[in-house]
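Chemist: Got a sequence here, can you build the structure:
(chains A and B)
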Amino acid sequence: MLEARDIHLAGRLAGVSACIAPGQLTAICGPNGAGKSTLLAALAGLVAPQDGKVLLHDQPLAALPRQVRARTLGYLPQQASVAWDLSVRTLVALGRLPYASGAAEDARAVATALSTMMLEELAERPVSTLSGGELARAHLARVLAGEPRWILADEPLAGLDLAHQTSLLAHLRDLADGGQAVVLVMHDLAAAMNWADRVIVLHCGRVVADDAPDVALAGDVLAAVWQVKAEWMGQPGARALGLRRQT
Amino acid sequence: MNRVVLILAGLLTVAMPLSLLAGQVWLDPFATPVPQAGVILLELRLPRAALALVLGGGLGAAGAAMQGYLRNPLADPGLFGIAPMAALGAVLSFHAGYQAQAVLLPLFALLGGAAGMALLALIAGKAGGITLFTLAGMMLASLAGALTSLAISLSPNPFALSEIVTWLMGALENRGWPDVWLALPATAAGLLLLHRAARALDALSLGEAAAISLGVDPVRLLWLMIGGVGLIVGSGVAVAGVIGFVGLMVPHLLRPFTSKLPSATLVPSALAGALLLLLADCLCRIAPLASGELRLGVALSLIGAPFFLYLLLRLRRELV
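Modeler: As a prediction, the model looks like this:
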């Protein structure tokens, strides 16, 4: 269990508690400035809350050695970028930095990550020649190469077209079904509705709802948090959000 | 060992002995021996070549590390403010009088460099943030530059003034073994620190947040960088004055032949920096100039700047 227990961070989080379980795809949703990215960074151990604590298997995350934390929690930042024009393989291999496991073991993990994200044919290409969707997959493969039990990604779908969003979500769904914990910050509520096992809705630094998608993203929550009149249409698993025009 | 490293090492092994032959007096191994050839070789040329290798290697690696740390191919070790601080210390030593100056110069330069490192650590050391650190370094560089100008304008006499200005241009002229023994250990220690920062610099290619998530301790990395670059640049300025361009140009030239990760550019940049400084110093020795030698710092800028412009033009054409 990865657990945030009543964490505070001035101006961003005001007493957030959340519990992340392996084998699930958890979506963190909320309007701009709700504290989604901050919560994700706190869960990843990147920012220390001023009050409250983050626990991994009931141990404080802050007390964990950096290397151990890095091997356990994989983090993909918002708008992930690469400073140098690395090859895809070199980029993915950066995910092995927390390990000192030897070249053979590293190569195996990198190869697995490349094949999971269907990047084998692009492995030697410089990242500057990739399309947005390919680059997003390469960044996710970098996280997977570290073989983390927990995958925390900040808006991995941003800037991707519908087809690439869907294929990336399918990959993440597979990882969750395979027993890893996947936590995504996302803006696309329909994607959260259709793909997540659980949705945490944040508003002004607080948890407003934390439940199965159809409960957490119910019409009254959308009205209270996003101030939109909307209703869900379609079948479970293929729902769309119908927005009523505001007058 | 990859191919780039082998080629550069090979070039260095060839260039090093050949460089010893070049100078105002050419030493031709197949002609009748020049009188005092042994002294020229062992006391003048060898320490000078050794110093070129030490400083060039250090500056090349420091440049590669800086570019990795700031995630910017235009970064230079001089950006840290440590080189200007060391230069300020050296310039202050000219105020101590002619007798004391020769002994005090390297000491003052080292102290200036150390003061620069301490200030940087004081300002940015706790948070380990790169932006704060860059701003602090640039502030330090401009402050040290202003103080250096002030010290020059207050120079005790015209001779000191001319000496300061000449010294600031950077040179390896008349350097001996004591200079090597000063620069070598400091540079070696600096290189060791940068080597230990290499993996963290690789992680930083993905940005600060991702690097921290990969287990990088930003504060430790900052200290390694301040220590490593500080030792190399500070001791370099202490023995040879300000030598620019190596740290900027060499990693930039070498990067296309590597995997482009900072750790992969570190060793090739050190070797290529050593080679560049060795060749540039040879050029300085044989360039005919009425008032003695061409200054190394000037020569490097004369070679470096046009070459860099050419690279930029070519890059622009590729981008268009």
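Chemist: So which elements touch the host helix or strand of residue B:180?
Modeler: Applying DSSP states H and E as the criterion places residue B:180 in helix B:177-204. Judged by 3 or more Cβ pairs under 8 Å, 6 or more residues apart in numbering or on different chains; DSSP states H and E, the packing partners of helix B:177-204 are helix B:46-70, helix B:208-213, helix B:218-240, helix B:262-286. For the C-beta atoms, the positions are set from N, CA and C on the backbone; glycine is no exception.
Chemist: For the chain, give me the ranges with low pLDDT.
Modeler: Went with chain A since none was named. Chain A contains residues with pLDDT under 70 at A:246-247.
Chemist: meant chain B, my bad for not saying
Modeler: B:1, B:97-100, B:125-128, B:288-292, B:318-320.
Chemist: At the contact with chain A, which residues of it appear?
Modeler: Neighbours of chain A within chain B, by Cβ under 8 Å from any Cβ of the partner chain: B:68, B:71-72, B:199, B:202-207, B:209-210, B:212-217, B:255, B:259-262.
Chemist: Please repeat the previous calculation with a cut-off of 6 Å.
Modeler: Residues of chain B lying close to chain A by Cβ under 6 Å from any Cβ of the partner chain are B:71, B:199, B:203, B:205, B:207, B:209-210, B:212-215, B:259-260.
Chemist: what sits against the residue minimising distance to the centre of chain B?
Modeler: Nearest to the mean C-alpha position of chain B, counting by Cα atoms, centre = their mean, stands residue B:59 at 3.4 Å. With contacts taken as Cβ atoms under 6 Å, 6 or more residues apart in numbering or on different chains, residue B:59 has the following neighbours: B:246, B:247, B:273.
Chemist: before we move on, back to that, what separates the helix holding residue B:180 from the chain centre, distance-wise?
Modeler: Here the centre of helix B:177-204 is set off from its chain's centre by 12 Å, with Cα atoms, centre = their mean, to the nearest Å.
Chemist: Same check on stretch A:16-29?
Modeler: Put simply, stretch A:16-29 sits 10 Å off its chain's centre (Cα atoms, centre = their mean).
Chemist: rewinding a little: mind checking which of the helices and strands packed on helix B:177-204 is nearest residue A:212?
Modeler: Residue A:212 sits nearest to helix B:208-213 of all the helices and strands packed on helix B:177-204, at 28.8 Å, using Cβ to Cβ.
Chemist: Export only the CA atoms of the closest one, formatted as CSV.
Modeler: Written as CSV, here are the backbone C-alpha positions of helix B:208-213 (Å, rounded to 0.1, in the frame of the first residue of the first chain):
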residue,chain,number,x,y,z
GLU,B,208,15.1,17.6,-12.2
ALA,B,209,11.9,15.9,-11.0
ALA,B,210,12.6,12.7,-12.9
ALA,B,211,16.2,12.7,-11.8
ILE,B,212,15.2,12.9,-8.2
SER,B,213,12.7,10.1,-8.8
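Chemist: hey, C-alpha coordinates of stretch B:238-247 in CSV?
Modeler: The C-alpha trace of stretch B:238-247 is given here as CSV (Å, rounded to 0.1, in the frame of the first residue of the first chain):
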residue,chain,number,x,y,z
ALA,B,238,46.0,29.9,-10.5
VAL,B,239,48.7,28.6,-12.8
ALA,B,240,47.8,29.8,-16.2
GLY,B,241,45.3,32.7,-16.0
VAL,B,242,41.9,32.7,-17.7
ILE,B,243,41.7,30.1,-20.6
GLY,B,244,38.2,30.2,-22.1
PHE,B,245,36.6,28.4,-24.9
VAL,B,246,37.9,24.9,-24.2
GLY,B,247,35.1,24.0,-21.8
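Chemist: any idea which element residue 165 lies in?
Modeler: Defaulting to chain A. Here residue A:165 is assigned to helix A:162-177, by DSSP H and E.
Chemist: nope, chain B
Modeler: Residue B:165 belongs to helix B:158-168, assigned by DSSP H and E.
Chemist: Quick check: buried residues in that helix?
Modeler: If you call a residue buried by 16 or more other Cβ atoms under 10 Å in any protein chain shown, then helix B:158-168 has these buried ones: B:160, B:163, B:164, B:167, B:168.
Chemist: and if you look at stretch A:111-123?
Modeler: Counting neighbours by 16+ other Cβ under 10 Å, stretch A:111-123 gives A:113, A:114, A:116, A:117, A:119, A:122, A:123 as buried.
Chemist: Centre of the chain to that stretch, how far?
Modeler: 20 Å.
Chemist: and what of stretch B:301-313?
Modeler: Distance, centroid of stretch B:301-313 to centroid of chain: 18 Å (Cα atoms, centre = their mean).
Chemist: go on, stretch A:114-134?
Modeler: On Cα atoms, centre = their mean, the centre of stretch A:114-134 falls 20 Å from that of its chain.
Chemist: Out of the contacts of residue B:59, the closest to residue B:135 would be?
Modeler: Nearest to residue B:135 among those, with distances taken as Cβ to Cβ, is residue B:247, at 19.7 Å.
Chemist: Looks like that closest one contacts residue B:63 (just checking).
Modeler: Yes: applying Cβ atoms under 6 Å, one finds residue B:247 in contact with residue B:63, separated by 2.9 Å.
Chemist: and residue A:18, what element?
Modeler: Assessed by DSSP H and E, residue A:18 sits inside strand A:13-20.
Chemist: Buried residues, that strand. List them.
Modeler: Under 16+ other Cβ under 10 Å, the buried positions of strand A:13-20 are A:13, A:14, A:16, A:18, A:20.
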